[in-house]
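Enquirer: A structural model of the following input is requested.
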Amino acid sequence: MHRLLLSLILLSTVSFAEEESPYILEADTRLGKLEIKMIGESDTEQEAVLNGKRIYQSEGMHLSIVKVFHTSNGEVVLFSENPGGSGTIDSHFFIQLRKDAAPVITQVFYSQTGEVSTMQERDTIKVDLGYDQGKRATLIYQDGKQTLHKVAPKGKQAADEDDCHDLYHQVHETYVQNRHCDDGLEDVGGMATVRMLRMLENDPRLDLKTLETLSKQSCKTRDTLEYSEFRKRICGA
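Expert: Reported below is the predicted structural model:
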């Protein structure tokens, strides 16, 4: 019994510790130890340190290491920053690290959702930024420089299932159940809803104008749309 209780306590402690901070604060590189450290007492005054030497200072932002890339011209580190709060999303930037050379810091860039996916091809790093003004955006990084490419989708395409599912349950259903039919969609669900709508407003596969119209109609009749109908009219399939 005592062993079981001790095991449960230890498991609970580990789980809590893993959830306590979503930020990656250290990583090993071929040039040494990379760490994120606080400056003073504020957790939004931070610096990135390589082998004890500052390479970047963040002011008013939570700083995190996303990924370390090995290239023929040194190490390239992808960082994220976030001011905190449920309505905010991460921004990102690269720092190139080379032996006996000053770090090269790129311009900050943003993605549709605040999250990014990357693919490396030798010394080239491609970053999928999602949709921007109706076009699929990809950032190309190579040797301290980055370029942005945007491509419009061809033909009618279905939106991602997860996005459609979230819009239905967290926006449409919540709006109808709230019964304040003159409110805007962003007025229901707090900052989480505002953040979701902002993230998805640039996705051309989603019809958010029709979403608001249908939600208001359903609110007045107190009759939530079936998901299959919702998906066809809002998510393109």
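
Enquirer: Check for me that D182 belongs to a strand.
Expert: No: for D182, which was evaluated using DSSP: H, G, I helix; E, B strand; the rest coil, the result is coil, with no strand membership.

Enquirer: Now do the same for it: its pLDDT.
Expert: D182 carries a pLDDT value of 90.

Enquirer: What is the neighbour count of it?
Expert: 8 (other C-beta atoms under 10 Å). Heads up, the C-betas are built off the backbone N, CA and C, glycines and all.

Enquirer: Please list all residues in contact with L197.
Expert: By C-beta atoms under 8 Å, 6 or more residues apart in numbering, L197 lies in contact with 171, 185-186, 208.

Enquirer: at 6 Å instead, please
Expert: The neighbours of L197, taking C-beta atoms under 6 Å, 6 or more residues apart in numbering as the test, are E186.

Enquirer: now swap in K216 and tell me
Expert: Counting by C-beta under 6 Å, 6+ apart, K216 touches C181.

Enquirer: gap between it and Y23?
Expert: Relative to Y23, K216 is positioned 40 Å away (criterion: C-beta to C-beta, to the nearest Å).

Enquirer: now R231
Expert: Per C-beta to C-beta, R231 is found 35 Å from Y23.

Enquirer: Over to Q142?
Expert: In this structure, Q142 lies at 27 Å from Y23, with C-beta to C-beta as the measure.

Enquirer: got a pLDDT number for H2?
Expert: Per-residue confidence for H2 comes out at a pLDDT of 44.

Enquirer: wait, E45
Expert: According to the per-residue confidence, E45 scores 84 in pLDDT.

Enquirer: That one: neighbour count?
Expert: Around E45 there are 15 residues (other C-beta under 10 Å).

Enquirer: for E75, same thing?
Expert: E75: 21 surrounding residues under other C-beta under 10 Å.

Enquirer: could you say which helix or strand contains it?
Expert: strand 74-82 (DSSP states H and E).

Enquirer: elements contacting that strand?
Expert: Under the contact criterion of 3 or more C-beta pairs under 6 Å, 6 or more residues apart in numbering; DSSP states H and E, the helices and strands touching strand 74-82 comprise strand 62-71, strand 91-97.

Enquirer: A152 and T113, how far apart?
Expert: Note on A152: its distance to T113, by C-beta to C-beta, is 19 Å.

Enquirer: and what of A48?
Expert: A48 is 24 Å from T113, where distance means C-beta to C-beta.

Enquirer: Which one's more surrounded, those two?
Expert: Legend: neighbour count by other C-beta under 10 Å for A48 and T113, higher for A48 (23 against 18).

Enquirer: Just the pLDDT at the more buried one, thanks.
Expert: Here, the pLDDT recorded for A48 equals 96.

Enquirer: Pairing partners for it in the sheet, please.
Expert: With beta bridges defined as DSSP bridges, A48 has these partners: I36, Y56.

Enquirer: doesn't Q57 make contact with it?
Expert: No: with contacts counted by C-beta atoms under 6 Å, A48 stays clear of Q57, the gap being 7.8 Å.

Enquirer: hang on, the earlier thing: how distant is the strand holding E75 from the center of its chain?
Expert: Between the centre of strand 74-82 and the centre of its chain there are 14 Å (C-alpha atoms, centre = their mean, to the nearest Å).

Enquirer: Repeat that for stretch 93-112.
Expert: When distances are taken as C-alpha atoms, centre = their mean, stretch 93-112 is centred 19 Å away from the chain's centroid.

Enquirer: Good, wrapping up.
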